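Q: Quick one, what's the 3D model for this:
(one chain, ligands or ions: 1)
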Amino acid sequence: ARVAAVIGNRTDAAGLRFAVQSGVPVQTVDDREFSSREAFDAALAKAIDAYSPDLVALAGFMRILGGDFVRRYSGRLVNIHPSLLPAFPGLHTHRRALQEGVKLHGCTVHFVTPQVDHGPIIVQAAVAVRAGDTEESLAARVLRQEHRVYPLAAHWFVEGRLVVENGVVRVSGSDAAQAMLVEE
Ligand code: NHR
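A: Prediction:
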C-alpha cells in the first residue's frame with residue numbers, strides 16, 4: 001500500500017508535519033471556512049476523491065462526519081478510538097477510564113458508521129491500568145498500542161481480508177490473525 005495523501009482540518013496538526021517530512025502530499029480543509037457541517041463534509045470528500053484512495057483512515061480527526069460522507073466511503077472508512085469500545089465512546093477516554101477504575105483499557109480500530117464510535121470492530125489492543133497512572137501516562141501507553149494496531153488493520157484491509165457479517169468483522173485467511181493484542 002501507498003499513503004496517497006494526508007488531509008487535515010488544521011494546518012498545524014502534527015500529522016501533517018510528519019507527512020511533509022515523509023514526502024507524502026498534504027492538504028488542509030479548514031472547517032471554520034464553511035457555514036455548515038454538510039458543506040465542510042462535501043469539500044473534504046472532494047479533497048479526498050482527488051486522490052482516489054481505496055481506504056480512508058481517520059487519525060485524531062475530531063469533527064463528527066455526516067451520514068452522506070460516511071455512506072460515500074462505506075466499508076472503506078476506518079477510525080482508531082482510544083478506548084476498548086463499546087466502553088468510553090466520545091471524548092476524554094483516558095480520564096474517564098481512570099475515574100471508572102477499569103483495570104483494562106486500550107484502543108479500537110473500527111469501520112466508521114453514522115453512529116459515532118459504534119462501527120464494526122476490526123482490532124483492539126488492551127493495556128493494563130497501573131496504580132499511579134495519570135491521564136498522560138495511560139494515554140502514552142495506549143498510543144504505543146495504537147501504533148501497532150492501526151497499520152495491522154490497514155494491512156488486513158489492503159489484503160482484502162476484512163469481512164463484515166451482521167455488523168461483526170471477521171479477519172479471513174489461513175493464519176487466522178489475532179484481532180486482540182495485549183500490551184507487551
Ligand atoms: N463520524 C462518524 N459519523 N462516525 C464516527 O464513528 C466518527 C466520526 C468522526 C470522528 C472519531 C471519534 C473518536 O475516535 C470520529 C468517529 C470527535 C467527536 C466529537 O464529539 C466524537 C468522536 C470522535 C471524534 N466531535 C465534536 C463535533 O462536534 C467536536 C469536538 C472538538 O472539536 O473537540 O464534531 O474519538
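Q: near the ligand, which residues of the protein show up?
A: 58, 61-65, 70, 79, 81, 90-91, 112, 114, 116-117, 119 (C-beta under 6 Å from any ligand atom). Glycine gets a C-beta too; all of them are placed from N, C-alpha and C.
Q: please redo it, this time with the cut-off set to 5 Å
A: Residues of the chain lying near the ligand by C-beta under 5 Å from any ligand atom: 62-65, 70, 79, 81, 112, 116-117.
Q: out of the residues you listed, which are inside strands?
A: 79, 81 (DSSP state E).
Q: For ChimeraX, what selects the buried ones among the residues of the chain next to the ligand?
A: Per 16 or more other C-beta atoms under 10 Å, the buried members of the residues of the chain next to the ligand correspond to this ChimeraX selection:
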select :65,70,79,81,112,117
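Q: Residue 22: which of the residues of the chain next to the ligand is nearest?
A: residue 79 (21.4 Å; C-beta to C-beta).
Q: My guess is residue 5 contacts residue 53. True?
A: Yes: judged on C-beta atoms under 8 Å, residue 5 makes contact with residue 53 at a distance of 7.4 Å.
Q: For the two, indicate the residue with more neighbours.
A: Between residue 5 and residue 53, residue 53 has the larger neighbour count (other C-beta atoms under 10 Å), namely 17 against 14.
Q: secondary structure class for the nearest residue to the more buried one once chain neighbours are set aside?
A: The shortest distance from residue 53 to any non-neighbouring residue, by C-beta to C-beta, 6 or more residues apart in numbering, is to residue 4 (4.8 Å). With DSSP: H, G, I helix; E, B strand; the rest coil as the basis, residue 4 sits in coil.
Q: Pretty sure residue 4 sits against residue 51.
A: Yes: in this structure, residue 4 is within contact of residue 51 by C-beta under 8 Å, at 4.1 Å.
Q: okay, and the common contacts of these two?
A: residue 25 (C-beta atoms under 8 Å, 6 or more residues apart in numbering).
Q: So which of these two has more stuff around it?
A: residue 4 (16 against 13).
Q: Kindly provide the distance from the more buried one to residue 24.
A: 8 Å (C-beta to C-beta, to the nearest Å).
Q: backbone phi and psi for residue 147, please?
A: phi -70, psi -20 (degrees, to the nearest 10).
Q: do the same with residue 94
A: phi -70, psi -40.
Q: thought residue 170 was touching residue 123?
A: No: Residue 170 is beyond contact range of residue 123, at 11.9 Å (criterion: C-beta under 8 Å).
Q: Compare the two and say which is more crowded by neighbours.
A: The neighbour comparison of residue 170 against residue 123 (other C-beta under 10 Å) goes to residue 123, with 23 against 13.
Q: hang on, that one in a helix?
A: No: the assignment for residue 123 (three-state DSSP) gives strand, which keeps it out of a helix.
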